[in-house]
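1. Sequence and predicted structure are below.
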Amino acid sequence: MVNTLEEEFNVFCNNNNLEKNINQIQIIKELENYKKDNFKSFISKIFSKKFNHKCFYLFGDVGVGKTMILNFFFEKIKVKKLRLHFNQFMLNFHNFVYEQKDKKEDNIINLFVKDLKIKASLIYFDEFQVTNIVDAMILGKLFDQIFKEDIKIIVTSNTKISELYKDGLQRDQFKPFIKIMEDQAVEYELIIDDDYRKSKENLGARFFCPLNQETNFKINKFFRTITKDKKHTSFTINIKGREFKIENFYEGVVKFKFNELCERNIGAEDYLEIVKNCKFIVIDQIPQFNDTNSNQQQRFITLLDVIYDKNIPIAVTANQNLDEFTSSRLLDKPFKRTISRLYELTSMEQFNETGIL
C-alpha cells in the first residue's frame, strides 16, 4: 500500500520530534497535488490534456518551516534532481556563458538548459531572491527555456512572486520573468506565528555582545579552545584573478573580521570559494546596518546565505543582541531571514554536531 505524502510527513515529524500544524499539513496536501500533476507515468502524460503548473512556489516569513517541508518533499521525489543555492545556479550559468562567449545569447541559454535537462527533471531553489541586475535581466529568457524543456522547479522564498526584485534597478526588464512565474507556478504562503529557529534552546549560544574588552576576551578564549592542537596556516585563494588571503586558518577553523569579508568588493562566487575551505567560522565585529552601509549589509546577507546552505556553524561578535539589529530600508525583508539564520548557525546544537570539540 502506497502511503500519501501527508501520512509520510506525519511519520517524518514524529520520528524527528518536529512540531507540525494545520498550515504545514495544508501545504503538504498541495504538494501531493503538484506531485500527481507533474510526475505521472509516460502513458498518463500522453492522455492528459490538463495544463500543469511546473513550479511550486512556497513563500512566507522566516522560520516557519518552508525549507523543512520542501526538503522533505525533495527527498521523496524519485527523479533526477538538483538542489542548488540560487547564487550557485547563477554562477554556473555565468561560467557557462563565459566558456561559450563566441555564441549568441539565445543559443547559449538553449545549450545551458539542454545540459541542465540531462542532469535533472526537478530543480529545488531554497530561499530564492534576486538582488543582481545582471541576473534580473536574464532570468525571463532562462526560466522560459527551462519550462519549455519541461524541467520542474520547487522554490522557497520570503517574497511573493509579484514583489521579487521590488525597487530594483531597471525592474521593467524583470517583469517578463514575473509574468512567466505567475503563469507557470502554483504559489502558496506558509503562515506560522513563531520562528522555530528562535526556540529557547537556540538563543544565540555563540553570539557574543557587546563589543568591549570582556567580549573580546571571551571570543579569543573560545577560539583558542576550538583550535587547540590544530596547525596554524595561512593561504591565498585565487578566484578568477581576485586574491583573498585567509590569515587565521586552523585546519578548517577560521576567524575573520567582518570588514575582511564585507568591506571589499566581493560576492557570492568569492564566498563559495572561501567557505569551501571552512568547517567552522568566527566572524568578529559585525556592525549595525543602515542606509549608509547597505552594500556591506548585502554582502553579509549573501555570505550568511552561502554559510547556511553549506551548513557551517559560526560564532560571531556584535555590539547588540540579535533582536536589536537594524537594517537599511531596502534590505529590511531579506535581513530578517539573515537574523533568523544567525540564531540557528550560532546554536549549540548545531555546533555539537560538528565534532570540533
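-> Right, received. Where do you want to start? For clarity, every value in this text was computed on a predicted model and none was experimentally measured. Numbering: from 1, shown residues only.

2. who's in contact with the closest residue to residue 209 other than its chain neighbours?
-> Distance criterion CB to CB, 6 or more residues apart in numbering; nearest residue to residue 209, sequence neighbours excluded, is residue 318 at 5.0 Å. For glycine as for every other residue, the C-beta is placed from the backbone atoms N, C-alpha and C. Contact analysis of residue 318 by CB atoms under 8 Å, 6 or more residues apart in numbering lists 207, 208, 209, 210, 211, 285, 286, 287, 325.

3. Could you check how far the closest residue to residue 164 other than its chain neighbours is from residue 123?
-> Spatial nearest neighbour of residue 164, chain neighbours left out: residue 130 (5.6 Å); criterion: CB to CB, 6+ apart. Residue 130 is 16 Å from residue 123, where distance means CB to CB, to the nearest Å.

4. now swap in residue 63 and tell me
-> From residue 63 to residue 123 the distance is 24 Å (CB to CB).

5. Equivalent analysis for residue 7, please.
-> 26 Å.

6. Compare those two (neighbour count), which wins?
-> residue 123 (21 against 12; other CB atoms under 10 Å).

7. Which helix or which strand is home to the more buried one?
-> Assigned by DSSP states H and E, residue 123 falls within strand 122-126.

8. Show me what that strand is packed up against.
-> The contact analysis (3 or more CB pairs under 8 Å, 6 or more residues apart in numbering; DSSP states H and E) places strand 122-126 against helix 66-76, strand 81-85, helix 86-99, strand 152-157.

9. Let me see the mean pLDDT of that strand.
-> For strand 122-126, the mean pLDDT works out to 94.

10. Can you give the contact residues for that strand?
-> Contacts of strand 122-126 (CB under 8 Å, 6+ apart): 67, 70-71, 74, 77, 79-86, 89, 116, 146, 151-156, 309.

11. so what pLDDT did the closest residue in space to residue 131 that isn't next to it in sequence get?
-> Nearest residue to residue 131 in three dimensions, chain neighbours excluded: residue 298, at 6.5 Å (CB to CB, 6+ apart). Looking at residue 298, its pLDDT stands at 94.

12. Against residue 288, how distant is residue 298?
-> In terms of CB to CB, residue 298 sits 15 Å off from residue 288.

13. got the contact list for the residue lying closest to residue 261 once chain neighbours are set aside?
-> In space, and not counting its chain neighbours, residue 261 is closest to residue 303: 5.9 Å by CB to CB, 6+ apart. By CB under 8 Å, 6+ apart, the contact list for residue 303 reads 261, 262, 271.

14. follow-up on the earlier one: neighbour-wise, which of residue 298 and residue 288 wins?
-> residue 298 (20 against 13).

15. Please parse this structure into its domains.
-> 5-190, 196-354 (automatic domain parsing).

16. what residues does the one helix or strand residue 118 maps to touch?
-> If you go by DSSP H and E, residue 118 is part of helix 105-119. Applying CB under 8 Å, 6+ apart, the external contacts of helix 105-119 come out as 80, 82, 93, 96-97, 100, 103, 123, 138, 141-142, 145-146, 148-151.

17. Quick check: what element follows the helix or strand of the chain with the lowest mean pLDDT along the chain?
-> For the chain, scoring each helix and strand by mean pLDDT, DSSP states H and E identifies helix 42-47 as the least confident one, at a mean of 48. For helix 42-47, the succeeding helix or strand toward the C-terminus, using DSSP H and E, is strand 55-60.
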